[in-house]
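# Following is a predicted model, sequence given first.
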Amino acid sequence: MTGALHLSDRDEVAVLIDAAAPGDAVLGVAARDAIPSGHKMALRPIATGAVVHKYGQPIGVATRAIGPGEHVHNHNLALPIEGIPHPDIAAAVARRRGGEAWFDGYVRADGGVGTRNTIGIIASVNCSATVVRRIARTFEDAVPAGIDAVVPFTHSRGCGMAKTGEGIETLERTLTGYARHPNFGGVLMIGLGCEVAQIEEMLARYGLAPGERLRTLTIQGAGGTAEAIERGTAIVHELIEIARTDRRQRRPASDLVLGLQCGGSDGWSGVTANPALGVASDLLIAAGGTAYLSETPEIYGAEHLLYARATSPAVADALAERVAWWEAYAARHDASLDNNPSPGNKAGGLTTIYEKSLGAVAKAGNAPLDGVLAYAGQRDGTRGLIFMDSPGYDPCSATGQIASGANLLAFTTGRGSVFGAQPTPCLKIASNAPLARRMSGDMDIDCSPVLDGWPLEDAGRAIFDALLAVASGRPTKSEAHGLGDHEFVPWQLGAWM
């Protein structure tokens, strides 16, 4: 008998644990097709146009009649043009009770607490990208004790854009968010000198000023490329000497801000890794910490579950406004939000954006939704579960979370992601055993035992404990590979001119 899961009594489909051959028995139904692991099989007849459910929620409509035992996927399941009305949900918003939890972090002068002690070299404009990388190259093989890394952050913008509007505002929020990030022991921001994103003006707009640990430099002011590299290298040496004296201190988990990410998702992501991460997120929030859910196009079709968890009408309205913005944004570019599932997602068993989104929202556990942030926005002190608006592209979304202060990342994957981030450590969580074995050098935690009876509560506790250890300095596998400096991808909005 082929193993499978029937996730809700309302579901017309089961998710196969093992691949099925025609004739194999699956929960008492004979498979008609060869169906891969992680994919869906119909358990009862489904009429043309009927709504199909998974997790007890709509994921699409049948584009033709589907018989019991048939493979349910892109060839017979889709979203109608007008979408599917969201069911009314009444969610309980009671907060989980939690005990104390602790980690060892770096306390910064502004009250922020870091999980790493990194030196950042940030380009304000692409014109300074080469100088930034040349300076960082000096320190690649000679990082002093007490410093985790010396990392360059370069991008493609900063000039050739309007001085006002969402494009420059988004970029400046991102750059200044990194400049104030507590995982940095020191920051050097370098510009050309004549760009739109003027460093001193940008810092002042976002409440920052140059000082002992935040230095600035322009290539034109230094006298040219060679002079800027020489001067910048000297400044980084000074920052290292200051930051290397920093020491970790015992801190409550309430100082942690966790960015929730998923990428390369498969049919098991929403069954094993994502709900286990949701338990860990709930545990962190119960201890007074904060978690960011993001990737607005990847909650599409499941946003009603978050509206029901909002702690006020204003929070629900703020999220609804961002969903409406994305619908209009996609329409302006002749695109559909249902274009989101990638070829890899579909090969792993995910059919529609509704199905993918239901699994993605599971990362956020069951905590109430306490707030909504703009991309790279700064919190007003609110803790708990926060939604930060972002694209579904993982590096861009994670960049925004880090700019918003995330000092930890947790990243679930079913197909296999090699994402890493600087200056924030990223814990990788595999949804299935073949992936965990095949990419063992990249996966920190294997959640596939959930399919064999490992309770989600225990899996989530294991993730939470691993996050506390990483926050205290234990390297993740992506850090061991030295990943993260090329994954700085600010969201590009606005006109280029």
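Structure's in. What do you need?
# Flag every buried residue along the helix or strand of the chain with the lowest mean pLDDT.
Using mean pLDDT, DSSP states H and E, helix 343-347 stands out as the lowest-scoring helix or strand of the chain, at a mean of 86. For helix 343-347, the neighbour count (16 or more other Cβ atoms under 10 Å) marks G344, N345, K346 as buried. In this view, the C-beta of every residue, glycine as well, is placed from N, C-alpha and C.
# Any idea how many residues pack against the closest residue in space to the second one that isn't next to it in sequence?
Leaving out its chain neighbours, the residue that sits closest to N345 by Cβ to Cβ, 6 or more residues apart in numbering is S265, at 5.5 Å. S265: 28 surrounding residues under other Cβ atoms under 10 Å.
# Show the residue spans covered by the helices in this structure.
129-137, 166-179, 199-205, 219-222, 225-243, 273-286, 303-307, 313-332, 343-347, 353-361, 394-403, 433-438, 456-471, 477-480 (DSSP state H).
# Mind listing residues that contact the fifth one?
Spelled out, that is helix 225-243. 117, 119, 121, 128, 130-132, 134-135, 138-139, 144, 146-147, 150, 185-188, 190, 212-213, 215, 217-219, 222 (Cβ atoms under 8 Å, 6 or more residues apart in numbering).
# mind checking how far R180 is from R157?
Distance of R180 to R157, computed by Cβ to Cβ, to the nearest Å: 20 Å.
# Which one's more surrounded, these two?
A count of neighbours by other Cβ under 10 Å puts R157 above the other of R180 and R157, at 24 against 19.
# ok, now how distant is that one from V196?
9 Å.
# Now for those two: what residues contact both?
By Cβ under 8 Å, 6+ apart, the residues touching both R157 and V196 are V125.
# Now do the contacts for T216.
L188, M189, I190, G191, I199, E200, L203, P210 are the contacts of T216 under Cβ under 8 Å, 6+ apart.
# ok, now which ones touch the last one?
What that stands for is P210. E200, L203, T216.
# let's see 7 Å
T216 (Cβ atoms under 7 Å, 6 or more residues apart in numbering).
# just the third one next, same as before
I190 sits next to I121, A123, S124, S128, V131, V132, L217, A228, G232 when contact means Cβ under 7 Å, 6+ apart.
# how about 6 Å then?
A123, S128, V131, V132, L217 (Cβ atoms under 6 Å, 6 or more residues apart in numbering).
# from those, which is closest to A324?
A123 (33.9 Å; Cβ to Cβ).
# Tell me what the closest one is bridged to.
I190 (DSSP bridges).
# what's the answer for M41, then?
A14, H71.
# who's in contact with stretch 439-456?
17, 272-273, 275-276, 279, 416, 418, 427-433, 436, 459, 476-477.
# try it again with 7 Å
17, 272-273, 275-276, 279, 416, 418, 427-433, 435-436, 459, 462-463, 466, 476-478.
# Which member of the contacts of I190 is positioned nearest G384?
A123 (33.9 Å).
# Quick check: the closest one touching T154?
Yes. In this structure, A123 is within contact of T154 by Cβ atoms under 7 Å, at 4.6 Å.
# Who has more neighbours out of these two?
A123 (27 against 21).
# Give me the distance between that one and G158.
Relative to G158, and taking Cβ to Cβ, A123 is found at 7 Å.
# related to what we said a few turns ago, ok, now which ones touch the residue nearest to N345?
N345, G348, L350, K356, G359, T413, G414.
# Over to P297?
Here P297 is in contact with W326, L337, N340, P391, G392 (Cβ under 7 Å, 6+ apart).
# Let me know the pLDDT of it.
According to the prediction, P297 has pLDDT 93.
# Apart from its neighbours in sequence, what residue is nearest it?
Closest to P297 by Cβ to Cβ, 6+ apart is G392, at 4.3 Å.
# likewise N117?
G185 (4.4 Å).
# shouldn't the one you found be in contact with G120?
No. The pair G185 and G120 fails to qualify as a contact (Cβ under 7 Å) at a distance of 9.0 Å.
# Show me which of the two is the more surrounded one.
G120 (28 against 25).
# so who does the more buried one touch?
Counting by Cβ under 7 Å, 6+ apart, G120 has contacts V151, F153, Y178, F184, V187, P423.
# would you list those residues in a markdown table and tack on pLDDT, distance to G365 and neighbour count?
Below are the contacts of G120 laid out as a markdown table (pLDDT from 0 to 100; distance: Cβ to Cβ, whole Å; neighbours: other Cβ atoms under 10 Å):
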| residue | pLDDT | distance to G365 | neighbour count |
| --- | --- | --- | --- |
| V151 | 97 | 31 | 21 |
| F153 | 98 | 31 | 27 |
| Y178 | 98 | 27 | 23 |
| F184 | 98 | 29 | 27 |
| V187 | 98 | 33 | 24 |
| P423 | 98 | 26 | 27 |
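# From these, which land in strands?
Secondary structure from DSSP state E places V151, F153, F184, V187 of the contacts of G120 in strands.
# How much space separates P391 from R244?
Taken as Cβ to Cβ, the span from P391 to R244 is 37 Å.
# Of those two, which one has the most company?
Ranked by neighbour count (other Cβ under 10 Å), P391 and R244 place P391 first, with 22 against 15.
# where does the stretch 201-350 of the chain have low pLDDT?
Within the stretch 201-350 of the chain, the segments meeting pLDDT under 70 span 338-340.
# go with 90
Low-confidence segments of the stretch 201-350 of the chain (pLDDT under 90): 266-267, 301, 304, 331, 333-348, 350.
# same deal with the stretch 51-200 of the chain?
Short version for the stretch 51-200 of the chain, where the test is pLDDT under 90: 56-57, 79-100, 140-145.
# what's the overlap in contacts for A123 and T154?
A129, V132.
# Just confirm P341 contacts S357, I think it does.
No. Between P341 and S357 there is no contact under Cβ under 7 Å: 9.7 Å.
# Tell me which of these two has more neighbours.
S357 (28 against 22).
# Touching, the more buried one and L305? I think so.
No. Using Cβ under 7 Å, S357 is not in contact with L305, being 9.1 Å away.
# ok, now which ones touch G416?
Counting by Cβ under 7 Å, 6+ apart, G416 has contacts G264, L435, M439.
# Check L16 too.
With Cβ under 7 Å, 6+ apart, L16 has these contacts: T2, A4, V26, I35, S37, G38, H39, M41.
# and if you look at R251?
W102, F103, D104, G105, V113.
# Any stretches of the stretch 351-497 of the chain with poor pLDDT?
Checking the stretch 351-497 of the chain against pLDDT under 90 turns up 351-356, 483-485, 494-497.
# how near is W454 to P275?
For W454 relative to P275 (Cβ to Cβ), the value is 12 Å.
# right, I mislabeled it, should have said V257
Counting by Cβ to Cβ, the gap from V257 to P275 is 21 Å.
# Neighbour count: the two, which is higher?
Taking neighbours as other Cβ under 10 Å, V257 and P275 compare with V257 leading, 26 against 23.
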